[in-house]
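**Q** predicted model, plus sequence, below.
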Amino acid sequence: MRRNILRSGALGAVSALAVSVSGCQYFGDASRDTVQNGYRGTALEQTYKRGDVKTAFNAVRLPAPVPAATASPPGPLPWKNVQVLNDISVGEFNRTMIAMSTWVAGTGNCAYCHNVANFASDTATSGQPLYTKLVARRMLQMTRHINSQYGQHVGATGVTCYTCHRGKPVPNGIWYYTTADQYQRHYLDRDGGRVTSQTIGPSNANRTSVRQTEWQYGLMISMSQALNVNCTYCHNSRQFASWTESPPQRAKAYHGILMLRDLNSNYLATLQPVYPAVRLGKLNDAPKAQCLTCHQGAYKPLFGARMVQEYPALWGMSSFDGMAMPTASLPPGMAPAPAATDSAAVAPTTDAPAVSAPAATPATPTASPAPSTARVPAAITSGGRLR
């Protein structure tokens, strides 16, 4: 019996050693990189398999920048029905249009958005509205809005049409309505998504439930997969709810959520009357964005490529990340503004939050105004927090 006990103990020790060795081989493997993103000793780190990251990185195809604009001819701008890009030079306008035709249409085909017989027209030769041009106009306004107002999320990287579209008319990662309680509505008309109970019994003030916890888990997993990171990229697993113990990326993600609610409510969902039926969801709603739409499996969209710096027309302000608008990009007679003119011009270049993190108390983030029922199919209208 003593021999059997010793044998069992020896086998257990060998098994433990095998697990230990295999674990060391995993984390110490030269094919993997471990990146610390929080305080030492808190296990706030990301482990990446180098081959997978390299494959994803090589899959990103960045279009070559269109040659910079040259000096424009003197005289008034020759615009007709240009409603957004009317504060830039002729040369900057033309190169921006060329870039957009490849970023979105993929082929450099002007006819995807324009009536080539009358570029100023918003209708086709048949008289039908050019929905692609109307949508593109609103997307230009949205892109400028992001770059000028959401530096706390996009930083010095910024966004262009290509950030989401990647050469395709319809970006990956868009979402439509399915049910009243789908987790993506957190990006539209829901308020906070916390499910930490503050009292023992259920009540109107304590609506936390197992069901809500499952939906919240689905939301968090979708964010994790969109960025190809684990939970500790934004949270300290010792206390998931604590803001003070979380890495800076959580504050950046918080601003991203507020940004998505703004964009979905005020730019994307409102385009529903413009789209043809083929572009609408099963419940007749317009496509909307989530983290996946821009990130597409990378911790930074396009692995942090700063394409927007090459296209001042998309800045939405006279300078970006300390760079002033080039003289050749401005209309004739307009002098470039100093680089520090705009309060939002110098976007943060680190992962540190640009503003104080939300309070550690279980207060919910302020939501953007909820869309009207015209944007939300009556069959799935359901107000309140993430359910």
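**A** It's in.

**Q** okay, now Y112: neighbour count?
**A** Neighbourhood size, Y112 [other CB atoms under 10 Å]: 17. For the C-beta atoms, the positions are set from N, CA and C on the backbone; glycine is no exception.

**Q** give me every residue that touches it.
**A** Counting by CB atoms under 8 Å, 6 or more residues apart in numbering, Y112 makes contact with 101, 104-105, 132, 169.

**Q** let's see 7 Å
**A** 101, 105, 132 (CB atoms under 7 Å, 6 or more residues apart in numbering).

**Q** how close does the first one sit to P169?
**A** Separation of S101 from P169 (CB to CB, to the nearest Å) stands at 11 Å.

**Q** settle it for me: which of those two has more neighbours?
**A** Counted by other CB under 10 Å, S101 and P169 do not tie: S101 has more neighbours, with 19 against 12.

**Q** tell me how many other residues crowd the spatially closest residue to that one that is not a sequence neighbour.
**A** Here the nearest residue to S101 in space, its sequence neighbours aside, is G108; by CB to CB, 6 or more residues apart in numbering that works out to 4.7 Å. When neighbours are counted by other CB under 10 Å, G108 registers 12.

**Q** do M142 as well
**A** Neighbours of M142 using other CB under 10 Å come to 19.

**Q** centre of the chain to the host helix or strand of it, how far?
**A** Assessed by DSSP states H and E, M142 sits inside helix 131-149. The chain centre lies 15 Å from the centre of helix 131-149; the measure is CA atoms, centre = their mean, to the nearest Å.

**Q** what packs against that helix?
**A** Under the contact criterion of 3 or more CB pairs under 7 Å, 6 or more residues apart in numbering; DSSP states H and E, helix 131-149 touches no helix or strand at all.

**Q** show me the strands in the stretch 1-150 of the chain, by range?
**A** Taking DSSP state E, counting those that start in this stretch as the criterion, the stretch 1-150 of the chain contains strands spanning 32-36, 45-49.

**Q** I'd like the ones you listed written out as a markdown table, with distance to Y162 and mean pLDDT added.
**A** A markdown table is the format used below for the strands of the stretch 1-150 of the chain (distance: least, CB to CB, whole Å; pLDDT from 0 to 100):
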| stretch | distance to Y162 | mean pLDDT |
| --- | --- | --- |
| strand 32-36 | 26 | 84 |
| strand 45-49 | 24 | 84 |
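
**Q** tell me which of those is the most buried.
**A** Among the strands of the stretch 1-150 of the chain, ranked by average contacts under mean count of other CB atoms under 10 Å, first place goes to strand 45-49 (a mean of 15).

**Q** what inclination does it have with respect to strand 32-36?
**A** Counting by axes from the mean of the first three to the mean of the last three CA atoms, to 10 degrees, strand 45-49 points 160 degrees away from the direction of strand 32-36.

**Q** what packs against strand 45-49?
**A** Here strand 45-49 touches strand 32-36, going by 3+ CB pairs under 7 Å, 6+ apart.

**Q** strand partners (parallel or antiparallel) of the strand it packs on?
**A** strand 45-49 (antiparallel) (DSSP bridges).

**Q** can I get the strand it pairs with as CSV, trimmed to CA atoms?
**A** C-alpha atoms of strand 45-49 as CSV (Å, rounded to 0.1, in the frame of the first residue of the first chain):
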residue,chain,number,x,y,z
GLU,A,45,-0.7,41.8,-20.2
GLN,A,46,-1.5,40.5,-23.7
THR,A,47,0.1,37.4,-25.2
TYR,A,48,0.3,37.4,-28.9
LYS,A,49,1.3,34.6,-31.2
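
**Q** what comes into contact with that strand?
**A** With CB under 7 Å, 6+ apart, strand 45-49 has contacts from 27, 31-37, 229-230, 232-233.

**Q** 8 Å instead, please
**A** 27, 31-38, 229-230, 232-233, 299.

**Q** go on, stretch 127-145?
**A** Taking CB under 8 Å, 6+ apart as the rule, stretch 127-145 contacts 83-85, 100, 104, 112-115, 121-124, 159-161, 169, 263, 267-268, 271, 274-276, 279, 314-316.

**Q** apply 7 Å and report the result again.
**A** Contacts of stretch 127-145 (CB under 7 Å, 6+ apart): 83-85, 112-115, 122-124, 159-161, 263, 267, 271, 274-276, 314, 316.

**Q** buried subset of the residues you listed, written for PyMOL?
**A** A single PyMOL command selects the buried members of the contacts of stretch 127-145 (16 or more other CB atoms under 10 Å):
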select buried, resi 84+85+112+113+114+115+124+159+160+161+263+267+271+274+275+314+316
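
**Q** what's the farthest-apart pair in the contacts of strand 45-49?
**A** S31 and G38 (23.7 Å; CB to CB).
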